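**Student:** this is a predicted model, with the sequence first.
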Amino acid sequence: MAVRRKTWIGLAALLAVVAVGAFVLVWFQPQKLLYDSAVAEALPSTAGTAGAAGGGSIAGAREPVELARGTFVSHEHATSGSVRVLRLPDGQVVVRLEGLDTSNGPDLYVYLSATPADGDQATVDEEFVDLGRLKGNVGDQNYAVPTGVDPGDWASVVIWCERFRASFGAADLVPAAAV
């Protein structure tokens, strides 16, 4: 009878270890620290067309206009790279991350935040615009700014981990006229 009891205790302990291990893998996703997710999106541009009576001619592509820029500083994880806010010829505004290099992690987002890069990190998610999930922790990527949102009203761009309410890094937005 003592052997049977030890067997049940051993099985219960094994199940507990497996359950804790599964929880850690699902919630914390430490495996993401072992690999990078690279993105290489092109600089956005739009080709304009000019019509003429009796036929159309294609004009060259027009370049985006830079509204603001910034450089990432590290917070909870080493983060480097730069940010550009661009108005495309069609009027759409995008936030472009260039040369981004940060840790991979669970539940990462790109925010426009009212909190400056050197501000209180606990306030980053109090007043912000969610631009979407981070596409990759390394490389160049573009995020559309929702219609009606003026990027000039925001202090920084933040790589935010929603799961742990932590800023991986942030870049203050400096208006292009001030650069």
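**Tutor:** Cool, got the structure. Bear in mind the structure is a predicted one, so any value in this text is a computation, not a measurement.

**Student:** how does this protein divide into domains?
**Tutor:** Using automatic domain parsing, the domain ranges for the chain come out as 2-32, 35-43+64-178.

**Student:** can you put the ones you listed in JSON lines and add mean pLDDT?
**Tutor:** Below are these laid out as JSON lines (pLDDT from 0 to 100):
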{"stretch": "domain 2-32", "mean pLDDT": "68"}
{"stretch": "domain 35-43+64-178", "mean pLDDT": "95"}
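
**Student:** for the ones you listed, which one ends up most surrounded?
**Tutor:** domain 35-43+64-178 (a mean of 18; mean count of other CB atoms under 10 Å). To be clear about C-beta, it is placed using only N, CA and C from the backbone, and glycine gets the same treatment.

**Student:** what's the offset of that one from the middle of its chain?
**Tutor:** Here the centre of domain 35-43+64-178 is set off from its chain's centre by 6 Å, with CA atoms, centre = their mean, to the nearest Å.

**Student:** and for stretch 172-179?
**Tutor:** For stretch 172-179, the distance to the chain centre is 20 Å (CA atoms, centre = their mean).

**Student:** now the strands for the protein?
**Tutor:** 38-40, 46-52, 55-62, 65-74, 80-87, 93-101, 108-113, 128-133, 138-144, 156-161, 166-172, 174-175 (DSSP state E).

**Student:** with distance to residue 11 added, can I get the ones you listed in TSV?
**Tutor:** Shown next, in TSV, are the strands of the chain (distance: least, CB to CB, whole Å):
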stretch	distance to residue 11
strand 38-40	43
strand 46-52	63
strand 55-62	66
strand 65-74	45
strand 80-87	48
strand 93-101	45
strand 108-113	38
strand 128-133	40
strand 138-144	43
strand 156-161	36
strand 166-172	37
strand 174-175	61
